[in-house]
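# Coordinates for the following, if possible.
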Amino acid sequence: MIALVTGASSGIGAATARRLAREPDCHVILLARRRERLEALARELGRASVIAADLTDPDTPARVAEQVEREHGRLDLLVNNAGVGGRGSFGSSGWAMVRRTMEVNFDAPVRLTEALLPLLRRSAPSAIVNVASVAGRVSRPGSGAYSASKYALVGWTEALQIEERRHGVYVALVLPGFVPTEGLPQRELLANPMTRWMVSKPEKVADAIVDAALRHRPERYVPRPYGIIPVLRMLFPGLYRRAVGGGRFTPTAAHQQPRRGEPPADPPEANSPER
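Predicted structure coming up:
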């Protein structure tokens with residue numbers, strides 16, 4: 001199996017690469033911007049190769065597709081995991097934050113999938129797993145740009161699932177909740193026994209990604225109880241707004257985090273709800 005994982009230099013991406021490397025005869029292609037981290041992970045995994053690239057560069061999707069085709073001749077799994085956080089109220093961050101967040105969280109996976117889709121179809125049965133977020137089903141103050149990008153990713157994924165089924169390309173959606181990462185350690189939630197259950201681990205998300213890919217699960221929430229939140233939001237919209245309006249789950253400037261798999265100096269990132 002040839003599997004490509006974006007945002008693979010840390011966090012959920014690195015955990016997914018490690019999980020895939022345990023599958024028999026799986027070669028993992030690691031894609032992110034930090035070459036030194038990718039190469040260290042590739043040495044650890046053994047059966048892995050590296051593509052150091054910025055997914056927002058216009059020529060990256062075509063270059064990635066050409067390299068995968070040339071070096072492997074097939075692609076069995078694409079994991080679109082890379083993303084940014086996009087936190088801050090619209091009044092303070094404006095259109096610039098929305099545009100940047102959409103560029104990374106929605107445009108980049110769509111463009112990469114477009115470039116790799118012919119190869120995925122020729123390699124069928126194959127799979128695509130898009131890592132969205134619970135925030136792609138429900139929104140809250142301070143995460144409007146992030147939620148908008150993940151809502152878009154969820155909607156596009158659901159259409160793609162139906163369109164590509166006849167081509168033998170199985171498309172899955174993984175929706176994590178809060179996950180500790182480099183830039184967002186989730187200390188407050190972990191310190192409180194009442195909210196500790198809400199925080200998952202990158203390894204659990206990785207397990208869900210591999211399960212969705214290999215067993216053709218259309219959708220997975222991580223942790224699973226998060227699946228009830230969109231239902232409650234639909235049934236009790238007023239109660240949901242009161243619950244999130246108090247600010248307990250509103251990200252602050254102090255919790256800005258870098259791109260998943262990128263240095264802390266980069267624009268804010270994380271796949272937590274905010275994922």
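# make it CA atoms for all contacts and neighbour counts henceforth
Fine.
# which SS class is Leu4?
strand (DSSP: H, G, I helix; E, B strand; the rest coil).
# what's near enough to touch the residue nearest to it when sequence neighbours are not counted?
In this structure, Leu4 finds its nearest non-sequential neighbour in Ile29, 4.5 Å apart by CA to CA, 6 or more residues apart in numbering. For Ile29, the contacting residues are Ile2, Ala3, Leu4, Val5, Ala48, Ser49, Val50, Ile51, by CA atoms under 8 Å, 6 or more residues apart in numbering.
# Tell me the one of these nearest Leu20?
Distance to Leu20, by CA to CA, is smallest for Ala3 among these, at 7.9 Å.
# how far is stretch 111-122 from where the chain is centred?
Relative to its chain's centre, stretch 111-122 lies at 18 Å (CA atoms, centre = their mean, to the nearest Å).
# got the CA coordinates for that stretch in CSV?
The C-alpha coordinates for stretch 111-122 follow below in CSV (Å, rounded to 0.1, in the frame of the first residue of the first chain):
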residue,chain,number,x,y,z
ARG,A,111,-6.3,21.2,-5.1
LEU,A,112,-4.2,18.3,-3.9
THR,A,113,-7.1,15.8,-4.3
GLU,A,114,-7.8,17.1,-7.8
ALA,A,115,-4.1,16.5,-8.8
LEU,A,116,-4.0,13.0,-7.3
LEU,A,117,-7.5,11.8,-8.2
PRO,A,118,-6.6,10.3,-11.6
LEU,A,119,-3.9,8.2,-9.9
LEU,A,120,-6.3,7.2,-7.1
ARG,A,121,-8.8,6.1,-9.6
ARG,A,122,-6.2,4.0,-11.5
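# Can you list the buried residues in it?
Neighbour-count burial for stretch 111-122, counted by 16 or more other CA atoms under 10 Å, picks out Arg111, Leu112, Thr113, Ala115, Leu116, Leu117, Leu119, Leu120, Arg121, Arg122.
# quick revisit: which residues does the residue nearest to Leu4 form beta bridges with?
Note on Ile29: beta-bridge partners by DSSP bridges are Leu4, Ser49.
# Which pLDDT value belongs to it?
Here the pLDDT value assigned to Ile29 is 98.
# What's the separation between it and Arg22?
14 Å (CA to CA, to the nearest Å).
# Check Glu158 too.
With CA to CA as the criterion, Glu158 and Arg22 are 29 Å apart.
# same deal with Trp156?
From Trp156 to Arg22 the distance is 30 Å (CA to CA).
# where does the chain have its least confident helix or strand?
helix 187-191 (a mean of 70; mean pLDDT, DSSP states H and E).
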